[in-house]
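Colleague: This is a predicted model, with the sequence first.
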Amino acid sequence: MLKHDKGVGETGSVPEFCTCGAELPPDARFCHKCGKPQREEPQLSEPVENSLSIETPVDTEPLPALRPPVINLHNGLAVRVGFLAGSIAFVLGLLPAPFIGRVALLLFAGFLSVYFYRRRSGESLSIGNGARMGWISGLFCFVIITVLFTINMVMISIVSQEGGLAAFYRQQLGAMGMPAQSIEQVIEVFGSPLQITGLLFTLFVMFTGLLTAGGALGARLLRRD
């Protein structure tokens, strides 16, 4: 049998050399002479970015402030308050008081219209809106007066068909203690449709004007609170 020499097939550590000719130490990563890398370095995997991107907040315009409802006949609350304050103004107008006292009472009714609206809505009215609230109240007061006046005239005409309307007025106003001269003036007014129209127009201007002024005054006073 042939015996193999011990040195056959066995290799010792063979020194490595760089391309520049420098002998490299074992497991050298770079040449100590020229700095050339001797083996490929494993590439580090780049960190995976978080797929959930944080959305930057979008600048949004602030919502416009809610405007209070306009005071007009389309405002349900204004209509209800106007009817209430107009009814109060009508009752106050029936109280026996001098002219200055009646003016003050109607101004007070306009003030009440703004007070009631503010109490129910929680909104503070400007002077302009307060004047509109008073005007609506004055309008309702005039409507109440006109309706009752028309009903009264119709009923008086029916009752006084035999003796005439003038005779009925003389009898009723005389029983109230009115002087004869004043009775004739009243009969003259109620006997002329034109004068009745003028009287109603005067009442309209008086009631709406005074309650409008009272509403504006009430809005100014209540805004101080």
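Modeller: Thanks, I have it. Because the structure is a prediction, the values reported are computed rather than measured.
Colleague: which stretches of this protein form helices?
Modeller: Counting by DSSP state H, the chain has these helices, from start to end: 76-94, 99-121, 127-159, 165-175, 180-190, 193-222.
Colleague: so which of the ones you listed gets nearest residue 17?
Modeller: When those are compared by C-beta to C-beta, helix 99-121 sits nearest residue 17, at 98.3 Å. C-beta: built from backbone N, CA, C; applies to glycine.
Colleague: Buried ones in that closest one, by neighbour count?
Modeller: In terms of neighbour count (16 or more other C-beta atoms under 10 Å), helix 99-121 has its buried residues at 102, 105-118.
Colleague: returning to that earlier point: got CSV for the helices of the chain, with mean pLDDT and distance to residue 33 too?
Modeller: Formatted as CSV, the helices of the chain follow (pLDDT from 0 to 100; distance: least, C-beta to C-beta, whole Å):
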stretch, mean pLDDT, distance to residue 33
helix 76-94, 94, 97
helix 99-121, 94, 94
helix 127-159, 87, 95
helix 165-175, 65, 138
helix 180-190, 70, 131
helix 193-222, 90, 97
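Colleague: got the contact list for stretch 79-88?
Modeller: Contact with stretch 79-88 is made by 73, 109-110, 112-113, 116-117, 120, 133-134, 136-144, 211, as judged by C-beta atoms under 8 Å, 6 or more residues apart in numbering.
Colleague: which stretch among the helices of the chain comes nearest residue 24?
Modeller: Closest among the helices of the chain, using C-beta to C-beta: helix 99-121, at 93.6 Å.
Colleague: And the closest one, what does it pack against?
Modeller: Judged by 3 or more C-beta pairs under 8 Å, 6 or more residues apart in numbering; DSSP states H and E, helix 99-121 is in contact with helix 76-94, helix 127-159, helix 193-222.
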